[in-house]
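Asks: sequence and computational prediction follow.
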Amino acid sequence: MSLAAKDLHASMRGVTRVYPAVEDHPAVHALGPVDLDLRLGEFFSVVGPSGCGKSTLLDVLAGLAPASAGTVTFEGRSVTGQVPEGTGVVFQEDASFPWLTVWDNAAFALRRAAVSESVVRERVDHTLSFMGLADFSSAYPAQLSGGMRQRLCIARTLVTRPRLLLLDEPFGALDQQTRLLMGDELLRIWRQTGATIFLITHALDEAAMLSDRVGVMSARPGQLIEIVETCWPRDRDSTIVSRPEFGEVTGRLWARLRGESLKALELTGMHRGRVIAS
Amino acid sequence: MSVTLGKPARIRPRLPSSVGLDRLLLLLAVLLVWQALTWLAGPEVITSPVATVRKLASIMTASDFAGHAYETGRAFAAALIISLLGGLAAGLILGSRRLAGEVAEPLLVAFYSIPKVTLYPVILLLFGLGVSAKIAFGAIHGIIPVALFAMNAVRNIRSVHVRAARAMRLTPLQIATYVLVPAALPEIIAGFRIGFALTLLGTLIGEMFASQRGIGYMLVQAMETNDIGTIMALALLLGTIATAVSWALLRLDRSLNEQH
Amino acid sequence: MSRAGFIRLLVVAAAIFALEVACRAGVIDAITIIPPSAMAAGAWNLLVSGRYTQDILLTLGSVGLAVVLAIVGGFGLGYVLFRLPRLRRALDPLLASYYAVPTFVFYPLFIVLFGLNRLPLVAIGFVFAVIAMAINTLTGFERVPPVLRRTAKALRLSEPATLVGITMPACAPYLLTGAKLVIAYSFIGVIAGEFVLSGAGVGHQIAFAYNNFDNPNMYGLMLLLIGFVSALNMVLFAWERRFYRRRGLT
């Protein structure tokens, strides 16, 4: 589906990623070809079976990894092997710096950008209160829980006011209840910053609940086989799980995903020579 | 039968087969540098690789060498048994009894870091000159690292494994044999590697101070007469033996780690 | 003080007390070991008399120089090994067997190379300590979580900025451990060298006292040395533990 240029925030055309052969491992065709249009200000999630290349998709979109073929554009300019200004990334693993306090962690990214210290202080204070971390400013990450550390990583990215926020399974290590609450957090951030959000997750309910659109990826090599529109209102929160439409969306996603997941399982099964029973 | 879904584990890369070639190249490079140093400094200061090997051959074929080697060997063997078994026993006990471990660890670490040279006079006074002093030297060098590694190995056993074993109603002895030892083995072997090297060092030092026989004694003679040729030949011998054993233990370590 | 610490203190005190009693009661004769109180008196006397001040300063100077050289050299070597994994894999067995060869047998070699001064002793300390620093540096670099490198890329940091702002702080605990080992090994190397073939320094004086059956001075010096090194190690150990704990590392 093509969009008017002014509504298009980022896009990918014919993107593939092939990992070259290394010593005794053959080349791996991890991703693509993928075509994707991201609308300005939308919340877009990607779900897919394990190993389908979701993280690779995010890496290429972010400019962390180059595409082997195809083009990636962000705000009209092409993205090639370098992370463009205006993009922020939150990873699955805890990326907080254990040697800095919460406050210094949050300030880190902005400080690299030659901004005056008073601006840094103002933005960091604001973002830390926004993320509910103001009381922990002088604590070290090791003293925080996993969920709070991820909030810190999100805060660090938010301080730089990204227009496109990419999150790679940010809540994967958290328990279900915390995840639902963090989902609410993310929606709040989305509404208040107006950024475009691109989220990778393996949790169907999370994708269904949070997003305007959900892309379903096939087993490796990952391609987008369906995009589901949820038509949720902008001011949604986690309570929409009680709505019947939520069940429908999740059902549609699983219907598409189930076959791909079995395929992915077979791929890993054959690869390791183990027998899988369904 | 159910299968857990999740990210497929990264395949741990095997050592590329070129490592053997790399080691050969490294050996060649070392020999070249050695030869260059001989040319620079002169053969009285550093004997060339060829001369060193020849000297070693002549030392090893001399009539008294067997006696010296045997002397060192038996002292080392005794010291090694004490280091490895004593250290292992101590480490296992201290690792499994929390309070004892907490009390003992700083003491062990402190003892490990004091220059044991300072204790040599005490050892000599306690054991006199002779083979028991040598064994004592060797043992005090090796026993601490073996104990520390074994202690850590036991502490690092994942409690979930022990819980699972208890849930399967295994007796304590069965738990020790089928769960504790296999789980702790890689780190215990790592401790053995260091213990081996240090015990050898300690035994040699003991011979240097406390004996009229043995390879350590040969070394100290050569040092006092400035016989560089002998020093280098013996150092080559010791280095080769230590490297060979270390390499063997490293392979054992690695093959055990593949299971983890 | 923690319960473990208290018990530890009791154990050490009991051991010293037992030794004192055994010595005084004649179970252990004074030619072998003198009572701990006499050791302490000997240590005190020689400190006060200043008889060995020159030697102590010489030893500390040599150790200090060896420490600095080993930390710098070991760090460089560790970094090189980190960047050249092929070299590292080839060297693996050698690194582990390094400590089996009593490297101070090369003392005469160093004398010929550097002359009859303190440098050969510094060289021994250096040779003994540098590998420990290299290994710990290597471990430190390897233990930097990959996600931090990706973060540096995501923040568009240059290579030098990444090294200074992220890699080095992440390695710092391991570098501290390396430095701690360097200090211990430098002491061992220098004192061993002094023991064997030197005319000055604490190691030499201990050997001299031993050969002259001068137990009070010998044990006094030993006590001083052990006391100093232990105190230094405890400080570094406590510092290191605080460092690790603040980071949430074990």
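Replies: Looks like it came in fine.

Asks: what ranges does the stretch 51-200 of chain A have for its helices?
Replies: A:54-62, A:102-111, A:117-130, A:146-158, A:176-193 (DSSP state H, counting those that start in this stretch).

Asks: now the last one and helix A:146-158, what's the angle there?
Replies: If I follow you right, that is helix A:176-193. Between the axes of helix A:176-193 and helix A:146-158, defined by axes from the mean of the first three to the mean of the last three CA atoms, to 10 degrees, the angle is 20 degrees.

Asks: I'd like to know which elements helix A:176-193 is packed against.
Replies: Counting contacts by 3 or more CB pairs under 8 Å, 6 or more residues apart in numbering or on different chains; DSSP states H and E, helix A:176-193 is packed against helix A:146-158, strand A:164-168, strand A:196-200, helix A:204-210. For the C-beta atoms, the positions are set from N, CA and C on the backbone; glycine is no exception.

Asks: and the first one, how far out from the chain's middle?
Replies: Here the centre of helix A:146-158 is set off from its chain's centre by 14 Å, with CA atoms, centre = their mean, to the nearest Å.

Asks: average pLDDT across that helix?
Replies: For helix A:146-158, mean pLDDT rounds to 91.

Asks: and if you look at the second one?
Replies: Mean per-residue pLDDT for strand A:164-168: 94.

Asks: do the last one as well
Replies: Helix A:204-210 comes out with an average pLDDT of 92.

Asks: what residues does chain C have near chain A?
Replies: C:145-148, C:150-151, C:153-157, C:161, C:165-166, C:169-170, C:172, C:245-249 (CB under 8 Å from any CB of the partner chain).

Asks: by proximity to chain A, which residue of chain C wins?
Replies: Going by CB to the nearest CB, chain A is nearest to residue C:248 of chain C, at 2.7 Å.

Asks: that residue against residue A:141, yeah?
Replies: Yes: contact criterion CB atoms under 8 Å: residue C:248 and residue A:141 qualify, at 7.1 Å.

Asks: more neighbours, the two?
Replies: residue A:141 (23 against 14; other CB atoms under 10 Å in any protein chain shown).

Asks: against residue C:150, how distant is that one?
Replies: Using CB to CB, to the nearest Å, we find residue A:141 at a distance of 17 Å from residue C:150.

Asks: and the helices in chain B, which stretches?
Replies: Counting by DSSP state H, chain B has helices at residues B:19-41, B:49-61, B:65-81, B:87-96, B:98-113, B:120-127, B:131-155, B:159-167, B:172-175, B:181-210, B:215-224, B:228-257.

Asks: can I get these in CSV with distance to chain C, mean neighbour count and mean pLDDT?
Replies: As requested, those are exported to CSV (distance: least, CB to the nearest CB, whole Å; neighbours: other CB atoms under 10 Å in any protein chain shown; pLDDT from 0 to 100):
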stretch, distance to chain C, mean neighbour count, mean pLDDT
helix B:19-41, 4, 13, 83
helix B:49-61, 13, 15, 88
helix B:65-81, 11, 18, 91
helix B:87-96, 12, 21, 86
helix B:98-113, 4, 17, 85
helix B:120-127, 4, 19, 84
helix B:131-155, 9, 25, 89
helix B:159-167, 14, 12, 72
helix B:172-175, 24, 12, 74
helix B:181-210, 4, 24, 83
helix B:215-224, 5, 21, 83
helix B:228-257, 3, 18, 81
